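K.L.:
I'd like to go over a predicted model; first the sequence, then the structure.
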Amino acid sequence: MANNEKKTTTFLEKIGQIPRFWIYLGLLVILMLPLILRIKAKPRMGMETKMVYDFIDSLPPGSVIMLSFTYGPSARPELEPMALAIMRHAYMRGIRVMGMTLSVEGTGLGLEAMTRVAKEFEEAGYPLTYGEDWVYLGYKTGWAMVIRGIGGDFHETFPRDYYGNDTRKMALTRDIQNYDDIALVIDFASGGSPGSWITYAYQQFDQKVAAGVTAVMGADWQPYIRTGQLVGMLNGMKAAADYEAKTIEMMEKRFGYTPKPYATVGIVSVTWAQIYLIILIIIGNISFFALRRRRRR
Amino acid sequence: MILVFVMGIIGFSLYFIPHPAARQFENTLSQWSIAIGSFAIFLAITSLIRRYINNIKRGKDVFYSIVALVALFGMAGLGLFAGIDEKSLFQKIFINVNVPLDATMFSLLAFYVTSAAYRAFRARNVEATLLLVTAVVVILGISTIGDTQVWLRKTAEWIMNVPNLAQKRGILIGVGLGVIATSVKIILGIERNWMGG
């Protein structure tokens, strides 16, 4: 009896000391499997994501929205699928899109995202025209000053686009004077830039602003939704998957074309990893309590 | 200090004056700020070059310093002379070298976090248990599991929208008051740390 009890305690001790190698290997397998097998989730759109979706859906065709790609490669898996999905939604509604970035690293990522969606629509048989349907303005240093500058005079702040074209001459940007001509700004951010958009664009110029943020930042920006300072928020991979699933479905129905999924596959990896993490925490705690009980005896 | 005082008062006042002339002046100031901000890039590049040249002269991390300088001038040269459009070599190097490197570094965090949570996340007392249970409910509730388990999702949303929101607002109000106090101190010359003193 005493021997059995000793063996049980030893086992419980051991499960609290799994070598790091096996924990890492387990996580690697769990993360990779859905990506290799292309397992897709069928998510249901959350409330904050739906607020952004509904706002874009309510805009009349011909409206202009501005996307700010203020993130680096580390946040790309979460934020890029959001941007792709929003662009797909906008183009299908006849809404025109301007892209820009307040981060140096976001310059190449914004260009990549915008050209990718343009290519998707070309493949779907609905080609978009650069300068009419979409424009990429690139990077501008100054953060808050750029945001304020757009509110003052758009053409002074962005006299040329990313390719060096005159913004006063392009069909899309020709008539844009300031925020009055921009229906919505969506900031895809891995840092504090939504705060600057709220402080300057919303507060000073009454510009409608939405945010797409990483999951770890979501809680920071939630207070601004309840106050109406953000029209909605896309929070992490889950929101990206929600929006992506919806726009893929829309493109399949309308063009018979399926864009490559990113977030709907990625969210399966994330969910599995979260369950794996919770199981590990439970195992660790079982071991902890078993040890504590033995010590008390 | 006089310049900061004058510009601080002007910048502060312009925020609340809706007159077109004030708006125009504010816009001009914004454009000046953007132009001044651009000089920070030159400062950063100069500092970077000096740092790595000094390293090479001293024989410290010579190989890495050369790699950094070659990358700096190489990418700048490519961007300036060979274009920056989506098909350019500049963009291809950025997407195929810089992006995977940066993403890889960040991805390692997932492994460290998992290992650390397994070893350190223990229900040692009431507070830790509360934190543990809340974390599990929120993680599961806002993930795809919450799509099928409505009660889990509702509980997670309540945690995020009530206790989380309350404490966030408290912190934000505190930070806001702190920012106002610091700004006033800088404008009035009470706080001079930014001058290096």
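P.N.:
Sure thing, it's come through.

K.L.:
now the helices for chain B?
P.N.:
B:2-16, B:20-58, B:62-81, B:89-93, B:99-120, B:126-141, B:145-148, B:150-159, B:165-187 (DSSP state H).

K.L.:
Need the CA coordinates for stretch A:243-262. CSV is fine.
P.N.:
What follows is stretch A:243-262, C-alpha atoms only, in CSV (Å, rounded to 0.1, in the frame of the first residue of the first chain):
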residue,chain,number,x,y,z
TYR,A,243,-14.0,38.2,-41.7
GLU,A,244,-12.0,36.1,-44.1
ALA,A,245,-14.6,33.3,-44.1
LYS,A,246,-17.3,35.7,-44.9
THR,A,247,-15.5,37.4,-47.8
ILE,A,248,-14.3,34.1,-49.2
GLU,A,249,-17.9,32.9,-49.2
MET,A,250,-19.0,36.2,-50.9
MET,A,251,-16.3,35.8,-53.6
GLU,A,252,-17.2,32.2,-54.2
LYS,A,253,-20.9,33.1,-54.7
ARG,A,254,-20.3,36.1,-56.9
PHE,A,255,-17.3,35.1,-59.0
GLY,A,256,-17.0,31.4,-58.5
TYR,A,257,-13.4,32.2,-57.3
THR,A,258,-11.9,31.0,-54.0
PRO,A,259,-9.1,33.2,-52.6
LYS,A,260,-6.3,31.4,-50.7
PRO,A,261,-7.3,31.2,-47.0
TYR,A,262,-4.9,32.3,-44.3
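
K.L.:
Not counting that stretch itself, show me its contacts.
P.N.:
The contact list for stretch A:243-262 (C-beta atoms under 8 Å, 6 or more residues apart in numbering or on different chains) reads A:40-43, A:45, A:49, A:52-53, A:77, A:80-82, A:84-86, A:88-89, A:92, A:120, A:123-126, A:234, A:240, A:263-264. To be clear about C-beta, it is placed using only N, CA and C from the backbone, and glycine gets the same treatment.

K.L.:
residues of that stretch that come out buried?
P.N.:
A:Y243, A:E244, A:A245, A:K246, A:T247, A:I248, A:M251, A:F255, A:P259, A:P261, A:Y262 (16 or more other C-beta atoms under 10 Å in any protein chain shown).

K.L.:
So which of the residues you listed is the closest to chain B?
P.N.:
A:A245 (10.6 Å; C-beta to the nearest C-beta).

K.L.:
show me what contacts the residue in chain A that chain B sits nearest to?
P.N.:
Of all residues in chain A, A:G152 sits closest to chain B, at 2.9 Å by C-beta to the nearest C-beta. A:G152 makes contacts with A:N178, B:R23, B:Q24, B:E26, B:N27, B:S30, B:Q31, as judged by C-beta under 8 Å, 6+ apart.

K.L.:
Any chance of the helices of chain B in CSV with distance to chain A, mean neighbour count and mean pLDDT as columns?
P.N.:
CSV is the format used below for those (distance: least, C-beta to the nearest C-beta, whole Å; neighbours: other C-beta atoms under 10 Å in any protein chain shown; pLDDT from 0 to 100):
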stretch, distance to chain A, mean neighbour count, mean pLDDT
helix B:2-16, 7, 12, 88
helix B:20-58, 3, 14, 88
helix B:62-81, 10, 13, 95
helix B:89-93, 6, 17, 94
helix B:99-120, 4, 14, 92
helix B:126-141, 5, 15, 92
helix B:145-148, 4, 17, 86
helix B:150-159, 8, 16, 91
helix B:165-187, 5, 13, 92
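
K.L.:
Which single one of the buried residues of stretch A:243-262 is nearest to B:V179?
P.N.:
Taking C-beta to C-beta as the measure, B:V179 lies nearest A:Y243 of the buried residues of stretch A:243-262, at 33.4 Å.

K.L.:
Quick check: phi and psi at that closest one.
P.N.:
phi -70, psi -40 (degrees, to the nearest 10).

K.L.:
how close does it get to A:Y262?
P.N.:
11 Å (C-beta to C-beta, to the nearest Å).

K.L.:
now B:W158
P.N.:
Taken as C-beta to C-beta, the span from B:W158 to A:Y262 is 30 Å.

K.L.:
cool, and A:L37?
P.N.:
Relative to A:Y262, and taking C-beta to C-beta, A:L37 is found at 15 Å.

K.L.:
Does the helix ranked longest in chain A reach chain B?
P.N.:
Longest helix in chain A, counting residues (DSSP H): helix A:263-296. Yes - using C-beta under 8 Å from any C-beta of the partner chain, helix A:263-296 reaches chain B at A:267-268, A:270-271, A:273-278, A:280-281, A:283-285, A:288-289.

K.L.:
Just the buried ones from those, in ChimeraX syntax?
P.N.:
To isolate the buried ones among the residues of helix A:263-296 next to chain B in ChimeraX, judged by 16+ other C-beta under 10 Å, type:
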select /A:267,268,270,271,273,274,276,277,278,280,281,284,285,288
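
K.L.:
Low-confidence ranges, chain A, go.
P.N.:
Scanning chain A with the threshold set as pLDDT under 70 gives A:1-9.

K.L.:
how does it divide up, domain by domain?
P.N.:
When chain A is parsed with automatic domain parsing, its domains come out as A:2-39+A:267-296, A:47-260.
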